[in-house]
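Asks: just a sequence and a predicted model for now, questions to come.
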Number of protein chains: 2
Amino acid sequence: MNHKESHTLILNNISRFIDLTELEKQKYISLLTEIKVQKKDFLLQAGEIVKYEYFITKGCLKVYTLDEDGAPHISMFAIEDYWTGDLSSFMTKEPSKYYIKATEHSELLGISRANYDLLFQEIPKFERFYRILYQKSLISYIRRSNHGISLTAEERYIEFKKKYSQTVNRITQKDLAAYIGITPEFMSKIITKVNRM
Amino acid sequence: MNHKESHTLILNNISRFIDLTELEKQKYISLLTEIKVQKKDFLLQAGEIVKYEYFITKGCLKVYTLDEDGAPHISMFAIEDYWTGDLSSFMTKEPSKYYIKATEHSELLGISRANYDLLFQEIPKFERFYRILYQKSLISYIRRSNHGISLTAEERYIEFKKKYSQTVNRITQKDLAAYIGITPEFMSKIITKVNRM
DNA sequence: TAAAAGTCTTAAACTAGTTCATTTTTTTTC
DNA sequence: GAAAAAAAATGAACTAGTTTAAGACTTTTA
């Protein structure tokens, strides 16, 4: 994917919530860093202090933690036109508990913490952009934390498939199990059962 | 609680993230509505379109949905100095799926949707306030949706008790069970077990 | 302040989901 | 394109959490 295409993608994403002048667009683009990661490479490993917030222009990545037993718990799959990172470490500058690993060759645009802070001074409209972006994310995480607790694994799988039909075919069953919160064995059983219905 | 006390409480909450002039403070306060709810009364019922976002100056409320079997799933307990409501219905103007019920006599300050929109025009600094407020909430809900899936009920209980030690004594075990995502019977077992340790 | 309603506890039988072990299928790598 | 590695499927024995039921305790209400 060339520069122009990835810049169009991120600017279109931003224009959902705010309008930028040509000059502001140029200024914004100048604050971004291009990053490429090969399949299976890490964008982030636990213990590191998070340097960037990322926008994905191409590819797919998984964001996860490891529990005391070393078992992964995936908190999101990030694909094209999505934002990802670890907001907590990015903001507090404390070591992250997350890993971010590419499940496909991926291309991203990153904004550093210094440029993120600068952005609000230079183009205050971005306060609005992030206000709305975080508001929408918050709404979906509130729903998700409720559903995670109140639905059965089978219901969570059916909901995921409905909501993220583009993503479900790009990830392994094992990773899906780590997202849904069950073992790969039980995931296999559920999929067999649901497909039979 | 008198007007002055509740205004001081909300202005202090806001001053965590932005500084307001005296004039801005007055303007902001003028956009708020005072609401009182008796114990067991509803601030919101499913099917209604959410009119306000709320700041609690006194009391305790539970925010919950009912599943197809009529079982409640509590998504948060809101006490003094917390914000609550249903952001989804407030923003989309679609009917809410949530109930909000006072578990104690409670006093709140509400901002209507019209005034919320007006606020950003009149005092653009509030974009920043809400950007930071939502960012912080988002960070804690991301963590929570991960933990809800990866921890056992006992671990979730221990974590809740540690994090919300002031709240845990103000709510019933039954409501706590509906928050943790288990039956009251199993909640009882866990509490007996944890206290024995 | 009695009685009604709601909450908490305990226990036995049950189910959703785990663990462990083995085989088959698919993907990766040289 | 063969060998190695990883993912998926299957099944049996297990555990965390549910269901149902009944009795004890606490709070609310008339």
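Replies: Thanks, I have the structure now. Residues are numbered from 1 along each chain as shown, chains lettered A, B, ... in the order given.

Asks: what is the neighbour count of A:Ser137?
Replies: Counted with other Cβ atoms under 10 Å in any protein chain shown, residues neighbouring A:Ser137 total 18. Every C-beta, even on glycine, is put in place using the N, C-alpha and C of the backbone.

Asks: any idea of the pLDDT on it?
Replies: Note on A:Ser137: pLDDT of 97.

Asks: kindly report the same for the one 3 residues further on.
Replies: Here the pLDDT value assigned to A:Ser140 is 94.

Asks: how far away is it from DNA strand D?
Replies: Separation of A:Ser140 from DNA strand D (Cβ to the nearest atom of the strand, to the nearest Å) stands at 24 Å.

Asks: could you list the domains of chain A?
Replies: A:3-135, A:151-197 (automatic domain parsing).

Asks: so what's the backbone phi/psi at the residue sitting nearest the centre point of chain A?
Replies: With distances taken as Cα atoms, centre = their mean, A:Thr84 lies nearest the centre of chain A, 3.2 Å away. For A:Thr84, the backbone dihedrals are phi -150, psi 180 (criterion: degrees, to the nearest 10).

Asks: so is the longest helix anywhere in chain A next to chain B?
Replies: Counting by DSSP state H, the longest helix found in chain A is helix A:125-150. Yes: for a cut-off given as Cβ under 8 Å from any Cβ of the partner chain, helix A:125-150 has contacts with chain B, namely A:127-128, A:130-131, A:134-135, A:137-139, A:141-146, A:148-150.

Asks: now do stretch A:41-56
Replies: No: Stretch A:41-56 does not reach chain B (Cβ under 8 Å from any Cβ); its nearest approach is 10.9 Å.

Asks: alpha carbons of that stretch, in PDB - could you do that?
Replies: This file holds the C-alpha atoms of stretch A:41-56, laid out as PDB (Å, rounded to 0.1, in the frame of the first residue of the first chain):
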ATOM      1  CA  ASP A  41       6.400 -10.300  14.600                       C
ATOM      2  CA  PHE A  42       5.600  -8.200  17.700                       C
ATOM      3  CA  LEU A  43       4.500  -4.600  17.600                       C
ATOM      4  CA  LEU A  44       4.600  -4.600  21.400                       C
ATOM      5  CA  GLN A  45       5.700  -6.900  24.100                       C
ATOM      6  CA  ALA A  46       4.800  -6.900  27.800                       C
ATOM      7  CA  GLY A  47       7.200  -4.800  29.900                       C
ATOM      8  CA  GLU A  48       7.800  -2.200  27.200                       C
ATOM      9  CA  ILE A  49       6.500   1.300  27.600                       C
ATOM     10  CA  VAL A  50       4.100   2.000  24.800                       C
ATOM     11  CA  LYS A  51       5.500   4.600  22.400                       C
ATOM     12  CA  TYR A  52       2.700   4.900  19.800                       C
ATOM     13  CA  GLU A  53      -1.000   4.600  19.200                       C
ATOM     14  CA  TYR A  54      -1.600   2.800  15.900                       C
ATOM     15  CA  PHE A  55      -4.000   3.000  13.000                       C
ATOM     16  CA  ILE A  56      -3.900  -0.100  10.700                       C
END
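
Asks: ok, and what's touching that stretch?
Replies: For stretch A:41-56, contacts defined as Cβ atoms under 8 Å, 6 or more residues apart in numbering or on different chains pick out A:10, A:13, A:33, A:35, A:37, A:61, A:65-66, A:78-87, A:89-90, A:93-102, A:106-113, A:116.

Asks: likewise stretch A:80-94?
Replies: Contact partners of stretch A:80-94, identified using Cβ under 8 Å, 6+ apart, comprise A:9, A:13, A:44, A:48-59, A:61, A:63, A:76, A:78, A:95-98, A:100, A:113, A:116, A:133, B:135, B:138-139, B:142-143.

Asks: and if we set it to 6 Å?
Replies: Contact with stretch A:80-94 is made by A:49-50, A:53-56, A:58, A:78, A:96, A:98, B:139, as judged by Cβ atoms under 6 Å, 6 or more residues apart in numbering or on different chains.
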